[in-house]
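> 3D model of this:
(one chain, ligands or ions: 1)
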Amino acid sequence: MCGIVGYIGWREAAPLLLKGLKRLEYRGYDSAGVALLNESLLVMKQKGSVSGLEVATEGLSKEMKAATIGIGHTRWATHGEPNDINAHPHQNTVGDIAVIHNGIIENYSALKQELISQGYIFSSDTDSEVLVHLIDRIWNSDSSLDLESATRNALRHVDGAYGICVISSREPDKIIVARKGSPLVIGIGTGEYFIASDAAPIVEHTNKVVYLSDGELAVVKKDGYVVKTIENVEQQKIITELDFSLEKIEKGGFEHFMLKEIFEQPAVMHDVMRGRVRLDEGRICLGGIEDYLDRLKQAKRIVICACGTSWHAALIGEYLIEEFARIPVEVDYASEFRYRNPIVGVDDVVILISQSGETADTLAALRTAKEKGALVMGICNVVGSTIARETLCGMYTHAGPEVGVASTKAFTAQVIMLYMLALALSRGRTLSQDEITLNLRELSRLPEKATRILELDSQIKDIAERFKDAKNALYLGRGFNFPVALEGALKLKEISYIHAEGYPAAEMKHGPIALIDKDMPVIFIATRDSTYSKILSNIEEVRSRKGRVIAIANEGDQEVSRLAEHVIYIPQSSGPITPLLTVIPLQLLAYHIATLRGCNVDRPRNLAKSVTVE
Ligand code: G6P
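Residues are numbered from 1 along each chain as shown. Alright, predicted model coming up:
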């Protein structure tokens, strides 16, 4: 998804901007560009990687190399194909204003027609270009205006979402930034400021940041900044301290971010539960929702909205909350929820799950639920993200920055959060103290069990070798492990481009069984729980059709080894906890198959880490 960086201060801007753009590469992009300001304005942009752009900037003039003000952008195409012209920054016709934009201008077509009829010439197919011409038109129409007021007036004409940076050689001492629906952060240095769409490019320079809120515009100069509302009312902003280091964002010795993040899971499990799972007190302590716990317990219904992997975590949450707390739960794709006039009201709790906290559909679902009076609660990973800020209460997953586009550690962290929530909702109601304590024990043993599963990495790589050329794959599980089957299939298709489907195992006979032949790998989650014997029958059915069975089973299981071609043995645990363990071998299997196929696992084609457009 698009990324923004900006710099104003005393250092050479170009290398800082390029480094910042590299830090944003994990979000996914197809083209990159920078604008530099040193009395005059220069824009360089092209399709392809930031490294390609870096090579192009080697030929910068002395004057532009010395520029200490600039903005940069990585684009992920929404309007207009990925090419040099559609890349940002966009400029006005005379070339003295440059704009970068994240988000979508929904009324761009009408604005574009209007500007064309007034003689403006567009060079790109993007919605973003209207912004720069609009600012130009407004500024030129009234000599009393400056860049700030022209930008503010222009934004009043715009419907849709934006995070923007604007610079101009007519006022070469400032960057104007504004946000509505697309995140922007200002990093505060000494005599210098950094602007970015998330903290990753900023953290190596400063840990002091100001998050812009929707409807705010800031004028950033090298000696200070002012934040105002779009109505021009000055705002006092709180300076937040970032709590993650750059080291955490980098690969830490692993070949890929995804592998590093899979291996971080035992540590993440500790971090998620730290201070929350209180085994000695026999309870769960969730600070972020403590004041609302009674209202949550009284909810008539809980609705969970999310997208992608977070949606799979939500499905496990449904099983957990219904099993433990006996509160009815409904799980919805955020994109469906927002458009189907959902029946929710004051007696309902709507939980939004999002790693990034910025997913456009999940944010829209949150706003819909809020409008309808529901109690809205967030489960997010990124601290200070929009969803985290707009929900009434919530909990952070504390999984640390997740760089790999395919989510892994954030998923396990989300499921643990839901597990803890389910227990907190059950205490004093549906579960006895003994049952709570038993579950707390299971939770606290998780990191050690996850570590043992990670030791199976080379066995899983061997299995991957044998299946790397598969054209399709089927993932089957039941109960708590049905959503894990969906997640296993999603991981494989996201990063290896092999077509994969997840199904509840019993549904196999209603369709997928027709696909089974000698070339079809079928991955069963066959851990010992209440549906174990049924799963064994499903494995028999696949075998008799010559399907190739890979099974995840519990250590010591002889039955499964008799039936399956390959068995990955994981430690025994209680049914509700198993998804947190069974998902790990599936992440590793997808990772190894994808790398053996030569795929770019950290940045799979067409996917984005943070989907801030609908
Ligand atoms: C994108 C990512 C997925 C992620 C989904 C939801 O599709 O590629 O990995 O699960 O968005 O993102 P969120 O940040 O809301 O969890």
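
> Check the gap between residue 113 and the ligand for me.
From residue 113 over to the ligand the distance is 33 Å, taken as Cβ to the nearest ligand atom, to the nearest Å. The C-beta positions use only the backbone N, C-alpha and C, and glycine is treated the same way.

> For residue 363, grab phi and psi.
phi -60, psi -40 (degrees, to the nearest 10).

> got it, and residue 227?
The phi/psi pair for residue 227 (degrees, to the nearest 10) reads phi -110, psi 130.

> who touches it in this structure?
Going by Cβ atoms under 8 Å, 6 or more residues apart in numbering, residue 227 touches 210, 212, 216, 217, 218, 234, 235, 237.

> Which residues of the stretch 401-550 of the chain lie near the ligand?
Applying Cβ under 6 Å from any ligand atom, we find that the stretch 401-550 of the chain lies next to the ligand at 405, 406, 407.

> Go through the contacts of residue 227 and flag which are in strands.
Among these, DSSP state E puts 210, 216, 217, 218, 234, 235 in strands.

> Not counting its neighbours along the chain, what's nearest the last one?
Using Cβ to Cβ, 6 or more residues apart in numbering and skipping residues adjacent in sequence, the residue nearest residue 235 is residue 227, 4.6 Å away.

> for the one you found, which residues make a bridge with it?
residue 218, residue 235 (DSSP bridges).

> I'd like to know how far it sits from residue 185.
As judged by Cβ to Cβ, to the nearest Å, residue 227 and residue 185 stand 12 Å apart.

> list the residues that contact both of these two?
210, 212.

> May I see the residues of the stretch 401-550 of the chain next to the ligand organised as TSV, with distance to residue 322 and neighbour count added?
Below are those laid out as TSV (distance: Cβ to Cβ, whole Å; neighbours: other Cβ atoms under 10 Å):
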residue	distance to residue 322	neighbour count
405	31	23
406	28	28
407	24	28
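
> how about the strands of the stretch 501-614 of the chain, start to end?
521-525, 548-554, 566-570 (DSSP state E, counting those that start in this stretch).

> Return the list of helices and strands in contact with the first one.
Going back to what we said before, that points to strand 521-525. Helices and strands touching strand 521-525, by 3 or more Cβ pairs under 8 Å, 6 or more residues apart in numbering; DSSP states H and E, are strand 472-477, helix 482-496, helix 532-543, strand 548-554, helix 579-596.

> between the fourth one and helix 482-496, how many degrees?
Using axes from the mean of the first three to the mean of the last three Cα atoms, to 10 degrees, the inter-axis angle of strand 548-554 relative to helix 482-496 is 130 degrees.

> Kindly report the same for the first one.
Following the same axes, to 10 degrees, one obtains 160 degrees for the angle between strand 472-477 and helix 482-496.

> cool, and the third one?
Interaxial angle of helix 532-543 relative to helix 482-496 (the same axes, to 10 degrees): 40 degrees.

> Now find how far off-centre helix 532-543 is within its chain.
Centroid separation between helix 532-543 and its chain, computed with Cα atoms, centre = their mean, to the nearest Å, is 36 Å.

> rewinding a little: among the residues of the stretch 401-550 of the chain next to the ligand, which has the minimum pLDDT value?
Lowest-confidence member of these: residue 405, scoring 93 (pLDDT).

> Tell me the confidence at the residue lying farthest from the centre of the chain?
Distance to the chain centre peaks in the chain at residue 143, reaching 43.4 Å (criterion: Cα atoms, centre = their mean). Per-residue pLDDT puts residue 143 at 93.

> Which among the ones in strands among the contacts of residue 227 count as buried?
The neighbour count (16 or more other Cβ atoms under 10 Å) marks 210, 216, 217, 218 as buried among those.

> isn't the first one right up against residue 184?
No - here residue 210 lies out of contact with residue 184, judged by Cβ atoms under 8 Å, at a distance of 9.5 Å.

> sorry, back to before: want to throw the ones in strands among the contacts of residue 227 into CSV with distance to the ligand and pLDDT?
Shown next, in CSV, are the ones in strands among the contacts of residue 227 (distance: Cβ to the nearest ligand atom, whole Å; pLDDT from 0 to 100):
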residue, distance to the ligand, pLDDT
210, 22, 96
216, 23, 97
217, 26, 98
218, 25, 98
234, 32, 96
235, 27, 96
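
> do you know how far the spatially closest residue to residue 107 that is not a sequence neighbour is from residue 105?
Distance criterion Cβ to Cβ, 6+ apart; nearest residue to residue 107, sequence neighbours excluded, is residue 159 at 4.4 Å. Noted for residue 159: a distance of 7 Å to residue 105, by Cβ to Cβ.

> burial measure for residue 512, as a count.
Neighbour count of residue 512, defined by other Cβ atoms under 10 Å: 20.

> Tell me which residue of the stretch 451-600 of the chain lies closest to the ligand.
Per Cβ to the nearest ligand atom, residue 494 is where the stretch 451-600 of the chain lies closest to the ligand, at 7.0 Å.

> Would you mind giving the secondary structure of the closest residue to that residue other than its chain neighbours?
Closest residue to residue 494 apart from its sequence neighbours, by Cβ to Cβ, 6+ apart: residue 406 at 4.7 Å. Three-state assignment for residue 406 (DSSP: H, G, I helix; E, B strand; the rest coil): coil.

> Does residue 406 touch residue 491 like I think?
Yes - contact criterion Cβ under 8 Å: residue 406 and residue 491 qualify, at 5.8 Å.

> and the chain, which residues reach the ligand?
Close to the ligand, as judged by Cβ under 6 Å from any ligand atom, the chain has residues 307-310, 354-356, 359, 362, 405-407, 607, 609-611.

> Now do the contacts for residue 356.
Applying Cβ under 8 Å, 6+ apart, the residues near residue 356 are 380, 381, 382, 385, 609, 610.

> same thing but at 6 Å, please
By Cβ atoms under 6 Å, 6 or more residues apart in numbering, the contact list for residue 356 reads 382, 610.

> any idea which helix or strand carries it?
Per DSSP states H and E: residue 356 is located in neither a helix nor a strand.

> go on, residue 395?
Residue 395 belongs to strand 393-396, assigned by DSSP H and E.

> quick check: angle from the helix or strand that that strand is followed by to helix 482-496?
Once the chain leaves strand 393-396, the next helix or strand it forms, by DSSP H and E, is helix 409-426. Computed by the same axes, to 10 degrees, the angle separating helix 409-426 from helix 482-496 equals 160 degrees.

> what's helix 409-426 packed up against?
Using 3 or more Cβ pairs under 6 Å, 6 or more residues apart in numbering; DSSP states H and E, the elements in contact with helix 409-426 are helix 265-273, strand 283-284, helix 308-325.

> now residue 350, what's its secondary structure?
strand.

> Closest residue of this structure to the ligand?
Closest point on the chain to the ligand, by Cβ to the nearest ligand atom, is residue 308, at 2.8 Å.

> Just give me how far stretch 327-347 sits from the chain centre.
Distance, stretch centre to chain centre, for stretch 327-347: 21 Å (Cα atoms, centre = their mean).

> residues making contact with it?
So stretch 327-347 is contacted by 299-307, 314-315, 318, 321-322, 361-362, 364-365, 368-369, 372-374 (Cβ under 6 Å, 6+ apart).

> Tell me who's in contact with residue 306.
Taking Cβ under 6 Å, 6+ apart, one finds 314, 334, 353, 362 in contact with residue 306.

> Give me the subset of those that lies in helices.
Mapping those onto helices (DSSP state H) picks out 314, 334, 362.

> Can you give me the neighbour number for the last one?
The tally of other residues near residue 362 (other Cβ under 10 Å) stands at 30.

> ditto for the first one
Neighbourhood size, residue 314 [other Cβ under 10 Å]: 28.
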